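In: coordinates only, sequence not included:
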């Protein structure tokens with residue numbers, strides 16, 4: 001076996017393992033005393049330098065052993081007398097100077113060079129791995145639909161690309177290449193193999209750099225084009241929606257200003273043309289989404305054409321729309337004037353014959369001066385304006401005719417009542433014995449109860465003789481104890497009682513009395529809202545001697561608390577009274593008025609009940625009156641889910657529903673938690689802790705939820721928050737859905753009215769500017785310097801006043 005160093009042995013074993021490789025191996029053992037040498041490979045020729053020392057002589061026969069033990073062969077051996085004899089077999093440029101050759105070889109320099117080359121090879125490998133990893137990251141990047149995210153990807157990928165510093169890695173091979181070239185040219189060393197290695201690594205590095213540069217350029221271009229496409233799509237949708245919205249505005253707005261509307265349309269049309277031009281530029285630059293961009297351009301062009309045609313057609317119908325609206329406004333104005341006339345006629349003065357005749361003359365004068373409009377009927381009017389009729393206009397026509405019919409009916413009823421009073425014959429005066437007047441009782445309470453209240457307890461509180469018996473807490477809280485009972489007594493004794501007395505000979509008019517005074521009955525609502533405070537105060541001082549003395553002095557069988565409860569009891573009896581009247585008035589003339597009065601009283605009871613719950617709400621920061629009237633209230637089971645954020649997981653994990661008490665106002669929906677304070681009997685109170693509020697302007701509903709017919713959805717801010725509400729019964733669910741739909745519908749009508757007001761204001765403003773700018777044909781209006789409006793922008797004909805047909809009329 002080979003008896004050299006272990007690292008040399010490893011090299012020789014590696015060389016011998018390649019059977020196709022033939023090498024010339026020179027082993028110098030002149031300074032050693034070994035008697036034999038072996039080599040693990042096939043030997044073709046052995047050159048032996050004859051030993052010069054006696055101790056180094058060996059037998060002439062040399063056996064060559066191979067790895068296979070059964071294979072032995074004798075190889076030709078050439079004995080050399082001196083080192084120079086090697087030149088006959090090996091070129092001098094392959095031998096070093098110690099063997100008589102010309103090859104310059106330094107082992108330490110060779111090690112340095114090989115180390116540098118291997119280090120450079122490792123660097124190239126690391127760069128290749130980094131490029132591959134970065135390329136994989138780029139290829140696997142998901143593209144979102146948000147322009148800001150794509151812009152961030154562009155910047156971050158570009159920064160990473162620059163940080164790789166591929167070019168700095170190519171400079172790492174330059175010293176190695178320069179060192180190999182210097183050694184090859186300066187000392188004529190054979191470094192061609194090292195030179196080729198460095199050249200191969202550099203070529204590999206350049207190829208990787210070029211390939212990755214091309215890949216990154218394509219990726220970068222794709223991201224830029226994708227970002228351009230996103231922004232183009234965004235602009236396209238904005239312009240498209242604006243065009244469609246503006247086109248619908250012409251049909252829906254009743255009195256649209258032509259100049260301002262046309263200007264807005266021109267702005268949107270110009271923007272659409274810019275977007276189309278931008279799309280063609282992107283397509284000309286071979287954008288990868290060229291087909292989609294061309295499609296969007298065609299859609300925009302189609303929208304522009306449709307809008308232009310729609311404007312031409314709808315401008316022709318605008319005059320007829322104005323005419324219809326003016327006729328409807330005239331009818332509504334007549335109704336308001338007629339209702340105002342009837343409201344100003346005091347029924348106290350009309351009880352006499354002269355007063356009734358004067359009221360009749362006023363009504364006849366009103367009818368002669370302005371005859372009722374829209375006498376043709378809603379069907380005829382709808383047929384006349386069929387070409388421009390919309391559901392909104394149809395609803396306005398129906399509402400105007402309904403109001404007109406109602407006011408006409410009120411006028412006819414008033415005329416009939418006044419004629420009866422005017423035709424009443426005066427009876428001759430006959431002397432009779434005086435007798436006590438039988439005063440009729442009010443439906444609210446008897447005169448005894450009504451008069452004993454202001455002249456009784458309240459008056460005794462100011463009596464100095466009883467002041468010592470008056471509890472100190474009552475001295476400053478009289479209004480809390482009695483509430484607005486004086487206002488209730490005044491309404492019934494002076495107004496409502498007289499109205500009812502006027503119906504003694506005309507019972508069918510009772511319903512009209514309730515309807516005419518419907519707003520006055522709101523005094524009960526304020527009284528009931530104060531009732532909990534009054535009861536709490538009464539419980540504190542009900543046993544004091546003052547009230548006992550007053551009860552004895554006024555000869556009352558019941559205590560004051562019984563009389564304080566009378567207004568609440570009377571309020572609940574109104575609907576019973578009206579039901580009985582309606583029961584025996586089927587088919588009569590005043591049946592519809594009785595039914596409306598019954599509905600009004602039931603609505604009042606419901607409103608009072610809801611308000612009693614509303615005042616028990618605690619924790620709400622703000623004024624509950626700003627939210628409007630309470631339309632509905634009740635307890636429900638509620639599940640809450642949110643579209644995004646950590647709250648979603650928290651709320652969705654709640655399988656058990658929350659018990660919430662909901663208050664539906666005109667402007668908001670309140671979620672509260674019902675709490676019962678500890679107490680016994682009447683001292684036990686209920687309160688509602690405020691949780692959150694939903695503005696009705698951002699509320700939507702889903703009427704049916706899978707799994708339960710009693711459930712419905714209330715979603716907020718575009719389903720950012722979804723509330724699944726379970727009603728106790730299907731009837732309760734339907735009632736709530738009906739009220740919520742009414743609120744949403746009314747909000748839409750309010751927005752339409754606001755739009756109508758804004759357009760009318762702009763109309764007046766433009767006319768005002770036209771008048772101011774008539775005498776300034778050569779310059780722009782002074783409002784233009786303020787950035788408000790331009791003269792030529794409003795009316796081009798004003799540049800020459802003689803060309804404007806409106807100038808003679810204005811002058």
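Out: In hand now; what should we look at? Computed from a predicted model, the values in this text were never measured in an experiment.

In: tell me the strands in the chain, going along the chain?
Out: Per DSSP state E, the chain carries strands over the ranges 46-49, 64-65, 72-73, 77-80, 617-618, 630-642, 658-665, 668-676, 686-695, 699-702, 711-716, 721-726.

In: Name the strands paired with the last one and say parallel or antiparallel.
Out: So that's strand 721-726. Here strand 721-726 has these sheet partners by DSSP bridges: strand 630-642 (antiparallel), strand 711-716 (antiparallel).

In: Redo the ones you listed as CSV? Include distance to residue 611.
Out: (C-beta placed from N, C-alpha, C; glycine too.) Shown next, in CSV, are these (distance: least, C-beta to C-beta, whole Å):
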stretch, distance to residue 611
strand 630-642, 6
strand 711-716, 23
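
In: Identify whichever of those strands lies nearest to residue 739.
Out: Residue 739 sits nearest to strand 630-642 of all those, at 5.1 Å, using C-beta to C-beta.

In: ok, residue 119 to residue 126 distance?
Out: Per C-beta to C-beta, to the nearest Å, residue 119 is found 11 Å from residue 126.

In: Repeat that for residue 571.
Out: Counting by C-beta to C-beta - residue 571 and residue 126 are separated by 91 Å.

In: and those two? which has more neighbours close in?
Out: residue 571 (20 against 11; other C-beta atoms under 10 Å).

In: which one of the strands paired with strand 721-726 lies closest to residue 756?
Out: Short answer: strand 630-642, nearest of these by C-beta to C-beta, at 26.0 Å.

In: Give me the mean pLDDT for the biggest helix by length in the chain.
Out: Longest helix in the chain by number of residues (criterion: DSSP state H): helix 192-252. In this model, helix 192-252 has a mean pLDDT of 69.

In: so how far is residue 227 from residue 145?
Out: Residue 145 is 11 Å from residue 227, by C-beta to C-beta.

In: what do you get for residue 498?
Out: 79 Å.

In: Ok, residue 484 next?
Out: 68 Å.

In: Also residue 710?
Out: 50 Å.

In: Check whether residue 421 really touches residue 353, as I assumed.
Out: Yes: look at residue 421 against residue 353 with C-beta atoms under 8 Å: they come within range, at 6.8 Å.

In: ok, the two, which is more surrounded?
Out: residue 421 (19 against 14).

In: Spit out the contact partners of that one.
Out: 350, 351, 352, 353, 355, 356 (C-beta atoms under 8 Å, 6 or more residues apart in numbering).

In: could you flag which of those residues are buried?
Out: Using 16 or more other C-beta atoms under 10 Å as the burial test, the contacts of residue 421 include 350, 355, 356 as buried.

In: List the residues that contact the second one.
Out: Which is residue 355. 349, 421.

In: Out of the helices and strands in the protein, which is least certain?
Out: helix 807-810 (a mean of 34; mean pLDDT, DSSP states H and E).

In: So for residue 526, what's the nearest residue that isn't a sequence neighbour?
Out: residue 484 (5.3 Å; C-beta to C-beta, 6 or more residues apart in numbering).

In: Surely that neighbour and residue 524 touch.
Out: No: the pair residue 484 / residue 524 is not scored as a contact, 9.2 Å apart, by C-beta under 8 Å.

In: between the two, which one's more packed in?
Out: Remark: of residue 484 and residue 524, residue 524 carries more neighbours, 23 against 18, as counted by other C-beta under 10 Å.

In: so how far is residue 116 from that one?
Out: In terms of C-beta to C-beta, residue 524 sits 103 Å off from residue 116.

In: how long is stretch 340-356 from one end to the other?
Out: End-to-end span of stretch 340-356 (C-alpha to C-alpha, to the nearest Å): 17 Å.

In: sorry, back to before: including distance to residue 107, mean neighbour count and mean pLDDT, could the strands paired with strand 721-726 go into CSV?
Out: Compiled in CSV, these are given as follows (distance: least, C-beta to C-beta, whole Å; neighbours: other C-beta atoms under 10 Å; pLDDT from 0 to 100):
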stretch, distance to residue 107, mean neighbour count, mean pLDDT
strand 630-642, 76, 19, 89
strand 711-716, 84, 19, 92
